[in-house]
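Undergrad: Predicted model, plus sequence, below.
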Amino acid sequence: MYNFENISINYDRITTIETLGMDMYWRNAMVKKIRLPKNSFILDAGAGTGKLSNVLTSKFRDGRIYSIDISQKMLDQIKNKRLIKLRADATETDFPDNYFDLAASAFLIRPLNDKINNYFYETHRILKKQGFFIIMEIYEPDNPYFRFLFDFYLHKILRKIGDALTKTDAFSYFSESIREFYSPNQVSELLKKHGFRIINIRSFLSGSIVIHTSIKI
């Protein structure tokens with residue numbers, strides 16, 4: 001797993017460049033149609049600098065929203081005082097069983113890589129029955145022509161510019177991790193294996209961005 005401590009200050013810039021500025025639109029799309037009680041308990045796992053957490057606080061104004069991340073430097077970038085910030089590993093938390101009404105993460109499962117099963121198991125444990133689990137990730141696109149453009153942008157242009165801007169190998173890591181990661185269908189099967197029922201799969205940019213919405217059964 002990549003050490004995000006090294007890029008905490010530049011993380012928002014990285015995700016904006018990586019997604020051509022569309023990441024906030026997709027984060028809003030993650031939770032737009034979710035209906036929950038006003039006092040719901042909500043988790044943003046791998047919260048980073050709080051982009052998704054901010055969307056959650058805007059939608060669920062009376063909710064109790066936790067932002068957890070393994071990097072304290074990332075959490076230190078969060079300025080939203082409505083959030084409960086905790087340094088924690090999303091694959092092994094101290095939350096009690098059946099605690100949350102909604103758990104969400106944006107661009108977390110790919111960095112977790114071989115710990116994705118631990119994350120799904122832990123999320124199932126801390127979610128209430130019928131609780132929502134929403135994940136968004138970047139994948140290799142379905143369309144071969146778009147995949148060619150995607151690979152050229154990601155691996156030839158973005159990789160060089162991004163590493164130079166951040167003075168790290170962050171973009172090199174991101175580009176390689178996308179090539180080596182699961183497909184959306186494989187992620188769907190993992191979710192089912194861990195006790196989730198998928199209620200919606202939404203994709204953007206020819207399948208390069210996919211949002212899985214599921215519930216705990």
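TA: Perfect, thanks for sending it. Numbering: from 1, shown residues only.

Undergrad: In space, what's closest to Y99 - neighbours in sequence excluded?
TA: Using Cβ to Cβ, 6 or more residues apart in numbering and skipping residues adjacent in sequence, the residue nearest Y99 is I126, 5.0 Å away. Backbone N, C-alpha and C define where each C-beta goes, glycine included.

Undergrad: now swap in S177 and tell me
TA: Once chain neighbours are set aside, the closest to S177 by Cβ to Cβ, 6+ apart is R110, at 5.4 Å.

Undergrad: residues in contact with the residue nearest to Y99?
TA: L43, T93, F95, P96, D97, N98, Y99, F100, A103 (Cβ atoms under 8 Å, 6 or more residues apart in numbering).

Undergrad: Distance of the second one relative to K85?
TA: Read it as T93. In this view, T93 and K85 are 14 Å apart by Cβ to Cβ, to the nearest Å.

Undergrad: what do those two both touch?
TA: Common neighbours of T93 and K85 (Cβ under 8 Å, 6+ apart) are I68.

Undergrad: need the contacts of I126 in CSV with neighbour count and distance to N200, can you?
TA: Compiled in CSV, those are given as follows (neighbours: other Cβ atoms under 10 Å; distance: Cβ to Cβ, whole Å):
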residue, neighbour count, distance to N200
L43, 30, 19
T93, 18, 25
F95, 18, 25
P96, 9, 28
D97, 9, 26
N98, 12, 23
Y99, 16, 23
F100, 24, 19
A103, 27, 16
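
Undergrad: what ranges of this protein fall below the confidence cut-off?
TA: 1-18, 165-166, 170-171 (pLDDT under 70).

Undergrad: Could you look up the SS state of the residue located most distally from the centre of it?
TA: Distance from the C-alpha centroid of the chain, by Cα atoms, centre = their mean, peaks at Y145 (26.2 Å). Reducing the assignment at Y145 to three states with DSSP: H, G, I helix; E, B strand; the rest coil gives helix.

Undergrad: The closest residue to K38 other than its chain neighbours and R82, how far apart?
TA: When the adjacent residues along the chain are set aside, K38 lies closest to D62, with 3.9 Å between them (Cβ to Cβ, 6+ apart). Distance, D62 to R82, using Cβ to Cβ: 10 Å.

Undergrad: Between the two, which has more neighbouring residues?
TA: Neighbour comparison, D62 and R82: the larger count goes to R82, with 14 against 8 (by other Cβ atoms under 10 Å).

Undergrad: which residues touch the more buried one?
TA: So R82 contacts T57, I65 (Cβ under 8 Å, 6+ apart).

Undergrad: tell me the secondary structure for it?
TA: Secondary structure state of R82, per three-state DSSP, is coil.

Undergrad: Tell me where this protein has strands.
TA: In the chain, strands defined by DSSP state E lie at 41-45, 64-69, 84-87, 100-106, 127-138, 196-204, 209-216, listed in chain order.
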